[in-house]
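Chemist: Got a predicted structure plus its sequence, pasted below:
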Amino acid sequence: MDYKKLTLMTDFYELTMANGYFENGLKDEEAYFDMFFRRVPEGGGFAIMAGVEQLIDYLKNLSFDNQDIEFLRSKGIFSEEFLDYLRDFKFTCDVWAVPEGTPIFPNEPIVTVRGPVIQAQFIETMVLITINHQSLIATKANRIVRAAQGRAVMEFGSRRAQGYDGALYGARAAYIGGCVGSACTLAEKEFGVPALGTMAHSWIQMFPTELDAFRAYARTYPDSCTLLVDTYNTLKSGVPNAIKVFEEEVVPRGFRPAGIRIDSGDITYLSKEARKMLDDAGFSDCKIVASNSLDDQIIRELLLEGARIDLFGVGERLITSKAEPVFGGVYKLVAVEKDGEIVPKIKVSDNIGKITNPGYKDLWRLFDNETGKAIADLITLKGEVIDESQPYELFDPEFTWKRKIVSNFTAKKLQVQIFDKGKCVYQGPRLKDIRTYCKEQIDTLWDEVKRFENPHNYYVDLSLPLWELKERLLHSY
């Protein structure tokens with residue numbers, strides 16, 4: 001995709017701080033930042049990492065052109081020396097991230113940035129925009145896909161998205177989360193997300209009768225004929241006319257009907273009755289598609305009521321994550337370097353949930369070797385070694401008397417390096433492979449973690465050295 005210049009897509013205080021760092025002789029001071037989030041949207045048991053590819057594109061193209069410099073000069077608050085620095089700006093940070101499609105949990109570092117403080121601070125806004133948005137939509141899409149219980153889910157939300165970027169990147173994220181395709185044509189051109197769709201009610205209304213509209217569509221697309229049956233009367237007109245056209249236009253051409261779509265009314269009742277009518281006509285292989293303001297909760301209710309639906313088209317409540325439209329990731333300073341020594345930093349708050357985990361860290365996931373299931377995630381100080389041949393004691397970092405000794409496990413580092421001194425060193429997988437990986441990784445979670453209501457609390461623990469460091473800093477402040 002042609003890159004859109006996004007250098008100034010940043011909160012203005014990133015620039016005021018950058019100028020301040022420059023003026024105070026701190027521009028080359030090494031700083032460490034972590035991105036993490038504090039809670040899973042909608043009270044879910046896990047979220048899904050997404051957006052790394054777009055973060056890479058942004059960092060590869062990060063520079064200030066003459067128009068940027070002139071605009072900043074017009075603000076009247078930046079020194080000429082600082083503007084000269086920006087004119088010659090070159091990104092030189094190290095960046096690590098959890099791969100896309102990985103289940104992620106609160107308070108663990110999903111992106112880590114190390115480098116000169118001006119640079120590491122400046123990219124905060126775009127790190128958060130990119131990862132927050134796509135992780136939110138991938139997480140919501142996966143809730144909907146799991147609610148559908150094996151039935152295909154199509155993302156139909158482009159027209160209700162918050163802008164065209166929301167539609168495009170939302171379609172990408174929804175595909176990672178498990179949707180089979182999107183109504184967004186550009187998403188297939190740019191990312192390979194299958195573009196899907198048939199007709200609107202306006203197609204039916206453009207013809208003298210519903211039957212004429214169905215005939216015209218069937219003659220044009222006999223090999224993939226899905227008809228929208230609820231324009232006038234689903235059971236008295238739409239389905240009977242669809243059956244007639246299937247018999248007269250589709251089957252004689254050597255094809256089978258693809259499906260019918262219901263977009264309004266009592267979908268449970270209509271789908272049951274439509275299923276009987278199609279089966280009686282010899283079209284038991286004809287799929288029933290449902291759309292109309294669906295989400296995971298409504299889909300679960302439809303299936304509990306026995307709705308006969310084979311595919312779901314989900315729009316506005318997916319592409320906007322309407323139930324909870326904010327992911328809430330944050331970007332915090334966790335360490336600086338002084339004379340080659342890493343000095344941990346902590347943010348303290350009366351709200352316990354806002355106290356940060358200090359220091360330069362690694363993130364691990366521990367897997368049970370017998371079941372293949374994830375046991376817990378563990379945050380350690382950089383360089384700590386986990387000996388898989390020995391039992392390892394996990395403990396709750398807040399309720400420290402809650403402890404568990406694990407053995408016969410495999411410990412896997414979750415972050416991968418994507419930039420080394422400003423050079424991209426990561427070759428991202430194909431999008432369809434990310435989607436497959438996402439499904440595989442979700443399968444490693446226990447069903448209790450995947451519950452929609454009151455999921456099991458998956459543990460994200462701290463190593464003893466990290467916990468002790470955090471306690472020392474807390475007491476020192």
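Modeler: Cool, the structure landed.
Chemist: longest single helix anywhere in this protein?
Modeler: Longest helix in the chain, counting residues (DSSP state H): helix 124-147.
Chemist: Check the model's average confidence along that one for me.
Modeler: Averaged over helix 124-147, pLDDT sits at 98.
Chemist: and that helix, how far from the chain's centre?
Modeler: Counting by Cα atoms, centre = their mean, to the nearest Å, helix 124-147 is centred 3 Å from the centre of its parent chain.
Chemist: Same question for stretch 168-184.
Modeler: On Cα atoms, centre = their mean, the centre of stretch 168-184 falls 10 Å from that of its chain.
Chemist: can you give me the end-to-end distance of it?
Modeler: Terminal residues of stretch 168-184 are spaced 7 Å apart (Cα to Cα, to the nearest Å).
Chemist: pLDDT below threshold where in this protein?
Modeler: 1-4 (pLDDT under 70).
Chemist: domain assignment for it?
Modeler: What automatic domain parsing lists as the domains of the chain is 12-137+325-476, 198-286.
Chemist: Determine which of these approaches residue 186 most closely.
Modeler: Closest to residue 186 of the domains of the chain, according to Cβ to Cβ: domain 12-137+325-476, at 13.9 Å. Any C-beta I mention is one placed from the backbone N, CA and C, and that applies to glycine too.
Chemist: mind listing what's buried in stretch 264-284?
Modeler: Residues of stretch 264-284 classed as buried by neighbour count (16 or more other Cβ atoms under 10 Å): 267-268, 270-272, 274-275, 277-278, 281, 283.
Chemist: again, but for stretch 140-155
Modeler: Buried positions in stretch 140-155, judged by neighbour count with 16+ other Cβ under 10 Å: 140-148, 151-155.
Chemist: show me where the stretch 101-250 of the chain has helices.
Modeler: Remark: helices assigned in the stretch 101-250 of the chain by DSSP state H, counting those that start in this stretch are 117-122, 124-147, 163-177, 185-191, 201-205, 210-220, 239-245.
Chemist: From the contact counts, what lies against the last one?
Modeler: When you say that, I think you mean helix 239-245. Under the contact criterion of 3 or more Cβ pairs under 8 Å, 6 or more residues apart in numbering; DSSP states H and E, helix 239-245 touches helix 210-220, strand 226-228, helix 267-280.
Chemist: Need the contact partners of the helix or strand following it.
Modeler: Sequence-wise, the next helix or strand downstream of helix 239-245 (DSSP states H and E) is strand 259-262. With Cβ atoms under 8 Å, 6 or more residues apart in numbering as the test, strand 259-262 has contacts from 198, 226-230, 234, 238-239, 242, 270-271, 274, 278, 286-292, 310-311, 313.
Chemist: If we use 7 Å, what do you get?
Modeler: By Cβ atoms under 7 Å, 6 or more residues apart in numbering, the surrounding residues in contact with strand 259-262 are 198, 226-230, 234, 239, 242, 270-271, 274, 286-291.
Chemist: got it, and stretch 8-17?
Modeler: Applying Cβ under 7 Å, 6+ apart, the external contacts of stretch 8-17 come out as 68, 72, 121-122, 124-126.
Chemist: just curious, which of those is nearest to residue 167?
Modeler: Of the contacts of stretch 8-17, the one sitting nearest to residue 167 (Cβ to Cβ) turns out to be residue 126, at 19.1 Å.
Chemist: so that closest one makes contact with residue 7?
Modeler: No - counting by Cβ atoms under 7 Å, residue 126 does not reach residue 7; the two are 9.0 Å apart.
Chemist: So between those two, which is more surrounded?
Modeler: In this view residue 126 and residue 7 are compared by other Cβ atoms under 10 Å, and residue 126 has more residues nearby, 20 against 17.
Chemist: could you measure the residue lying closest to the more buried one once chain neighbours are set aside against residue 123, distance?
Modeler: Nearest residue to residue 126, sequence neighbours excluded (Cβ to Cβ, 6 or more residues apart in numbering): residue 58, at 5.1 Å. Going from residue 58 to residue 123 by Cβ to Cβ, to the nearest Å gives 8 Å.
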